[in-house]
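>>> need coordinates for the below:
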Amino acid sequence: MGTTLLTDSNIFPHLRRTLCTSLFASAHVGGYRSLRHRFLYKACISSNTDLVDLVARRKIMTYTAAISLSLAPIPSVQQPAKSEESVLSEWERVYLPIDPGVVLLDVAFVPDDLNHGFLLGTRQTILETKDGGNTWFPRSIPSAEDEDFNYRFNSISFRGKEGWIVGKPAILLYTSNAGESWERIPLSSQLPGDMVYIKATDEKSAEMVTDQGAIYTTSNRGTVSSGISGASYYTGTFNTVNRSPDGRYVAVSSRGNFYLTWEPGQPYWQPHNRAIARRIQNMGWRADGGLWLLVRGGGLYLSKGTGINEEFEEVPVQSRGFGILDVGYRSKDEAWAAGGSGILLRTTNGGKTWARDKAADNIAANLYSVKFIGDNKGFVLGNDGVLLRYLGFSGMNKHVYNAYFFASICNYNLPILAIAKLSMYNLALLSDPIGSRNLLKVLAQFFRDKN
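The predicted structure follows:
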């Protein structure tokens, strides 16, 4: 039955005429009257009677419902059903072919091909995608399997087709062909600490950081030379370390009682006492160059101004008592925070206010890291193999997205698969008077801007 419905070419004229009529026939708001007539005349002119429209409308509901059901994925034992809230969120869960106990640690994409990326984790986990992160498959690297070690791959970075991976125990991998093959670079056994971060900086060059504060630069595809001596004036290790786009670092001590910063040209790390009673969980850089700071127990603070500043202001967040573990900025205004028990928070004003997204409320996992690659590609990494992929609807909210959907239906022959993808939600929206009025307002603005 599904195949027969998909190949019926009569659906398009009925769909365009019926949806446009349903949207605009009952609009009596004065501001939309002239727009409505112009739009109907241009895209939905028809001499059919109301009876024909009624039959067509019923036919459309039957078609779209059947299409949605026929295209629904076959249930899998390892893929629990997604809740409705998750479907309508800006994030979706991606199921991975790995053991449940794996903790995901980092993700990166090849700059020349943003569909091609790699995902790292504990238990020697390396996954690869070639469709932008929709699906992932395990990747084996023979040079990393010669010894009886179960590597923890901590960090990955690309510059052009050159890529680097570091892990624990000490291991450094390099590729010059966008990850088609990887070679192992020998490292000194005297390396202080475990490598926790790497950043590709130039051709055949990268910057590495250990959890004891040593920063090293690699050149000529593996010749390692020391950049600075490291934080040798205290006993301990870093809990987290984050790098800004211009090469500055901020790190949190393992106990969380102080933090350190380093800028290019400085000989040593600079320590800073925390001005907050609770211990520091994590720190990082905002898109405007300032600092964000997370404390244990769920507190979020932002530094005053830009650059390195020891004055912080607390921002109210709804963490439900769970700790916030990371913050990732998609743009200067929009950022996402993630934490324990599936906490997801979003700001659209640079961090002044935060609202909770319920996308991961039903996921029993801690979300450790938020990564954005450009404006429209993002991931949240968690334990137990949990990976969330950013949808974002290209920066549009649900009403705007659906407005564009209906506008495309009425003006162009949109592919049937795209129609089916949103059919059930759009039909529900049409049956909701408030949703229909909101959609009508957005449509009016859409065509006002377009014309």
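>>> got the contact list for Lys332?
Contacts for Lys332 were tallied using C-beta atoms under 8 Å, 6 or more residues apart in numbering; they are Ala287, Asp288, Gly350. For every residue, glycine as well, the C-beta is placed using N, CA and C.
>>> so how do I select the buried members of those in ChimeraX?
For anyone working in ChimeraX, the buried entries among the contacts of Lys332, judged by 16 or more other C-beta atoms under 10 Å, can be selected with:
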select :287,350
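>>> quick one: Tyr259 and Trp136, what's the gap?
Here Tyr259 is placed at a distance of 34 Å from Trp136 (C-beta to C-beta, to the nearest Å).
>>> now do Gly378
If you measure Gly378 against Trp136 using C-beta to C-beta, the figure is 15 Å.
>>> now Val94
Shown here: Val94 relative to Trp136, a distance of 7 Å by C-beta to C-beta.
>>> what do those two both touch?
Counting by C-beta under 8 Å, 6+ apart, the residues touching both Val94 and Trp136 are Leu387.
>>> more crowded one of those two?
Neighbours were tallied for Val94 and for Trp136 using other C-beta atoms under 10 Å; the higher tally belongs to Trp136 (22 against 17).
>>> ok, the residue nearest to that one when sequence neighbours are not counted - contacts?
Spatially, and ignoring its direct neighbours in sequence, Trp136 is nearest to Leu127 (4.1 Å; C-beta to C-beta, 6 or more residues apart in numbering). Leu127 sits next to Leu96, Pro97, Ile98, Phe118, Leu119, Leu120, Gly121, Trp136, Phe137, Pro138, Arg139 when contact means C-beta under 8 Å, 6+ apart.
>>> need these in TSV with pLDDT, can you?
What follows is the contacts of Leu127, written out as TSV (pLDDT from 0 to 100):
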residue	pLDDT
Leu96	97
Pro97	97
Ile98	96
Phe118	98
Leu119	98
Leu120	98
Gly121	97
Trp136	98
Phe137	98
Pro138	97
Arg139	95
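>>> now the buried members of those residues.
Applying a neighbour-count criterion of 16+ other C-beta under 10 Å, the buried members of the contacts of Leu127 are Leu96, Ile98, Phe118, Leu119, Leu120, Gly121, Trp136.
>>> for the last one, give me its contacts.
Right, Trp136. Val94, Leu96, Pro97, Leu119, Leu127, Glu128, Thr129, Leu387.
>>> for the fourth one, give me phi and psi.
It refers to Leu119. With angles defined as degrees, to the nearest 10, Leu119 shows backbone torsions of phi -120, psi 130.
>>> ditto for the second one
The main-chain torsion angles of Leu96 are listed as degrees, to the nearest 10 and equal phi -110, psi 150.
>>> what about the closest residue to it other than its chain neighbours, neighbour count?
Nearest residue to Leu96, sequence neighbours excluded (C-beta to C-beta, 6+ apart): Gly385, at 5.0 Å. Neighbour count for Gly385, taken as other C-beta under 10 Å: 21.
>>> buried ones in stretch 171-188?
Buried positions in stretch 171-188, judged by neighbour count with 16+ other C-beta under 10 Å: Ile171, Leu172, Leu173, Tyr174, Thr175, Ser176, Ala178, Gly179, Trp182, Arg184, Ile185, Leu187.
>>> my guess is the first one contacts Glu183, does it?
Yep, that's Ile171 we're talking about. No. Ile171 sits out of contact with Glu183 when judged by C-beta atoms under 8 Å, with a separation of 11.7 Å.
>>> who are the contact partners of Ala108?
Contacts here follow C-beta under 8 Å, 6+ apart; on that basis Ala108 touches Gly117, Phe118, Ile156, Ser157, Phe158, Gly163, Ile373.
>>> the fourth one contacts Asp202, correct?
No. Under the criterion of C-beta under 8 Å, Ser157 is not in contact with Asp202, lying 11.9 Å apart.
>>> which of those two has more residues huddled nearby?
Under the criterion of other C-beta under 10 Å, the comparison of Ser157 against Asp202 puts Ser157 first, with 20 against 11.
>>> sketch out the low-pLDDT regions of the chain for me.
Counting by pLDDT under 70, the chain contains low-confidence ranges at 1-88, 146-147, 221-235, 393-451.
>>> what segments of it are helices?
Assigned by DSSP state H, the helices in the chain fall at 2-6, 11-24, 30-43, 50-71, 84-87, 398-411, 416-430, 433-450.
>>> contacts only, for Thr306.
Contacts were defined as C-beta under 8 Å, 6+ apart; by that measure Thr306 touches Arg286, Asp288, Gly289, Gly290.
>>> which residue comes closest to the first one once chain neighbours are left out?
For Arg286, ignoring the flanking residues on the chain, the nearest one in space by C-beta to C-beta, 6+ apart is Trp292 at 5.6 Å.
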